[in-house]
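need coordinates for the below:
(one chain, ligands or ions: 1)
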Amino acid sequence: MQKLVVKGKKKLSGVIKISGSKNATLPILAATILNKNKIEINGVPIVRDVITMVQLLKNIGSNIKFDLKKRKIFIHNKNRKLKTIAPYKLLKTMRAGVIVLGPLLSKFKKAKVSLPGGCAIGSRPVDIHLYVLKKLGAKIEIKNGYIHAQAKKGLVGKKIRLPSISVGATENAIIAASFAKGTTLLSNCASEPEVRDLTNFLKKMGIKIKWSTNRKIKILGNQNLKSTTHKVMFDRIEAGTFIIAGALIGKKLKISGIETQILKKEISVLKRMGVKFQISKNDITILGSKNIKPVSIKTEPYPGFPTDLQAQIMVLMTKANGISKIKENIFEKRFMHVPELNRMGAKIKILGDSSFVYGPKQLNGAEVMATDLRASVSLVLAGLSAEKTTIINRVYHLDRGYEKLENKLRKCNANIFRRN
Ligand code: EPZ
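Here you go, the predicted structure:
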């Protein structure tokens, strides 16, 4: 099994170009199921989850090609008969696979999709996904680990309030409603930039979608879709991760290929911590920070602070002069990185859904174990700022969502390499 070896304390400088967003690419790929005309998707990140989604689409019979050199995906399903089954072998490694349920059901009036496998960060049920699809007219049964969904006469637009905010369920609902008969009015939706990127893509295919304030979306279903080209938005979590790396151990580290407007919350938290930046529309340079201040934050749906950057900012909090607090509101088990960070010399206490980080602490290299994608990268950040060598095991978690992480860091002076 591959490991990452990090020799810490090397100041990072130079430029890191951010890749396309994994969490925007996945629902966009699922939405291509609706359209039999030519589709070209650009700026696709080469990460494991995207490759799994491409495999899933291939598995159901989609004519999909991933040009890795150009980071482009081409899909053309004219005269193709797609299967309506998404098997466990593909869903067990990537929960986001459940997002094919809405498009398959909407387009083919039936679908059999495996319930996703277990997850390290929380129980992550799919009840809200099923709730919205039922409201659109689906009959759903769970049998032998599979979701069996049917809508003999096709899905029909409805007014639906999501019982709580969910990114995936919002995306499933939007895609399903896009091909349903009539108009759907969704409320209490997730408004993450990746959900907006999905709706931008669907609009280009000919679907009328209107966002209004207060998390409401109006969708006019359309079964006559056209060919389209789309460039995936930047990965705001990858960007946030490298910005935090810059705050931790940077000396003029520039993060490019982003929209700083989208990262407003993250930037404001880091500013409160005393991090100094030069900010322009499409890049940000982290000038470093001598005196990190403690802060108290909570993770929330967008535009709040993202749960996907919680583990990373916790590493920066170990440098703060005082006690910082993080309240994790999204996932119930997302503090799995804490014991590993403590093994590296941090002092972090967990109390229910909150973590208290006592700083400042100098971290020391250790052999550690990654448990999920963002926990893994937090250990890389810890290793970059630690004395001596850190070895991170189970880096396959990291490869699910970060493209060539160690290469990007090495180009900026980090001493990090992969070992078998
Ligand atoms: C998306 O997951 C992201 N994944 C996650 O990114 C991210 O952490 C999460 O949103 C929150 O921002 C993708 O976009 C592919 P949710 P998703 O449905 O859609 C509960 C990463 O590291 N819930 O918004 O699965 C759920 O358990 C990942 O890149 C239900 O109870 O997240 C959680 O507590 C990991 N029932 C909360 O809602 C449901 O049917 C929010 O989850 C659905 C969700």
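
got any ranges where this protein has weak pLDDT?
118 (pLDDT under 70).

where along it do the helices fall?
22-31, 48-59, 88-91, 101-108, 127-135, 167-178, 193-204, 236-249, 264-272, 310-317, 337-343, 373-385, 396-399, 405-410 (DSSP state H).

residues from the stretch 51-200 of the chain in reach of the ligand?
Counting by CB under 6 Å from any ligand atom, the residues of the stretch 51-200 of the chain lying close to the ligand are 95-96, 122, 124-129, 166-169, 190, 194. The way it works is simple: take the backbone N, C-alpha and C, and place the C-beta from them, glycine included.

now list the buried members of the residues you listed.
For those, a burial check counting by 16 or more other CB atoms under 10 Å picks out 95, 96, 124, 126, 128, 129, 166, 167, 168, 169, 190, 194.

in those residues, find the pair that's most separated.
Spanning the widest gap among these are 126 and 194, at 18.1 Å by CB to CB.

so residue 415 sits right up against residue 4, yeah?
No - Residue 415 is beyond contact range of residue 4, at 11.2 Å (criterion: CB atoms under 8 Å).

which of the two has more neighbours?
The neighbour count for residue 415 versus residue 4, taken as other CB atoms under 10 Å, is higher for residue 4 (24 against 15).

near the ligand, which residues of the stretch 251-400 of the chain?
307, 308, 330, 331, 373, 374.

excluding its backbone neighbours, what's nearest the last one?
Distance criterion CB to CB, 6 or more residues apart in numbering; nearest residue to residue 374, sequence neighbours excluded, is residue 311 at 4.7 Å.

next, count neighbours for the one you found.
Close neighbours of residue 311, defined as other CB under 10 Å, add up to 32.

what of residue 212?
10.

neighbours around the nearest residue to it once chain neighbours are set aside, how many?
Closest residue to residue 212 apart from its sequence neighbours, by CB to CB, 6+ apart: residue 218 at 7.3 Å. When neighbours are counted by other CB under 10 Å, residue 218 registers 17.

my guess is residue 218 contacts residue 187. True?
No - counting by CB under 8 Å, residue 187 is not a contact partner of residue 218; they are 10.0 Å apart.

gap between the residue nearest to residue 353 when sequence neighbours are not counted and residue 178?
Leaving out its chain neighbours, the residue that sits closest to residue 353 by CB to CB, 6+ apart is residue 328, at 5.3 Å. Separation of residue 328 from residue 178 (CB to CB, to the nearest Å) stands at 33 Å.

partner residues bridging residue 139?
residue 150 (DSSP bridges).

point me to the residue of this structure nearest the ligand.
Using CB to the nearest ligand atom, residue 168 is the residue of the chain that sits closest to the ligand, at 2.9 Å.

any idea how far the residue lying closest to residue 33 once chain neighbours are set aside is from residue 272?
Nearest non-adjacent residue to residue 33, counting by CB to CB, 6+ apart: residue 103, 3.9 Å away. In this view, residue 103 and residue 272 are 41 Å apart by CB to CB.

for residue 232, same thing?
31 Å.

who has more neighbours, the two?
In this view residue 232 and residue 272 are compared by other CB under 10 Å, and residue 232 has more residues nearby, 25 against 13.

wait, that one touches residue 22, no?
No - using CB under 8 Å, residue 232 makes no contact with residue 22, being 9.0 Å away.

now do the shared contacts for those two.
Common neighbours of residue 232 and residue 22, using CB atoms under 8 Å, 6 or more residues apart in numbering, are residue 45.

next one: stretch 233-251 to chain centre, how far?
15 Å (CA atoms, centre = their mean, to the nearest Å).

now do stretch 96-114
The answer for stretch 96-114 is 20 Å, by CA atoms, centre = their mean.

may I have that stretch exported as CSV, CA atoms only?
Output in CSV follows, covering the C-alpha atoms of stretch 96-114 (Å, rounded to 0.1, in the frame of the first residue of the first chain):
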residue,chain,number,x,y,z
ALA,A,96,-21.7,10.0,-4.7
GLY,A,97,-22.7,7.2,-7.2
VAL,A,98,-26.2,7.4,-5.7
ILE,A,99,-26.6,10.6,-7.8
VAL,A,100,-27.3,8.4,-10.9
LEU,A,101,-30.6,7.4,-9.3
GLY,A,102,-32.5,10.6,-10.2
PRO,A,103,-31.4,10.8,-13.8
LEU,A,104,-31.9,7.1,-14.5
LEU,A,105,-35.3,7.1,-13.0
SER,A,106,-36.3,10.3,-14.7
LYS,A,107,-35.1,9.3,-18.1
PHE,A,108,-35.9,5.5,-18.1
LYS,A,109,-38.8,5.5,-15.6
LYS,A,110,-37.0,2.9,-13.5
ALA,A,111,-33.7,2.3,-11.7
LYS,A,112,-32.0,-0.1,-9.5
VAL,A,113,-29.1,1.5,-7.6
SER,A,114,-27.1,0.0,-4.8
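
in it, what counts as buried?
Buried, per 16+ other CB under 10 Å, within stretch 96-114: 96-114.

endpoints of stretch 212-230, how far apart?
For stretch 212-230, the first-to-last residue distance is 23 Å (CA to CA, to the nearest Å).

how about that stretch and the ligand, any contact?
No - if you take CB under 6 Å from any ligand atom as the test, stretch 212-230 misses the ligand, and the best it gets is 12.6 Å.

in that stretch, what's buried?
For stretch 212-230, the neighbour count (16+ other CB under 10 Å) marks 215, 217, 218, 219, 221, 222, 225, 228, 230 as buried.

kindly report the same for stretch 273-287.
Buried-residue list, stretch 273-287, by 16+ other CB under 10 Å: 273, 274, 275, 277, 283, 284, 285, 286.

dig out what the last one forms beta bridges with.
Beta-bridge partners for residue 286, by DSSP bridges, are residue 253, residue 277.

okay but it is in contact with residue 279, surely?
No - the pair residue 286 / residue 279 is not scored as a contact, 9.9 Å apart, by CB under 8 Å.

check contacts around residue 310.
For residue 310, the contacting residues are 299, 326, 328, 334, 374, by CB under 8 Å, 6+ apart.

which residue comes closest to it once chain neighbours are left out?
residue 299 is the one closest to residue 310 (CB to CB, 6+ apart), at 5.2 Å.

show me what contacts the one you found?
305, 306, 307, 310, 326, 327, 328, 329, 330.

ok, back up a step: which of the buried residues of stretch 273-287 sits closest to residue 201?
residue 283 (24.6 Å).

I'd say the residue of the chain closest to the ligand and residue 130 touch.
No - here residue 168 does not reach residue 130: they are 11.5 Å apart, not a contact under CB under 8 Å.
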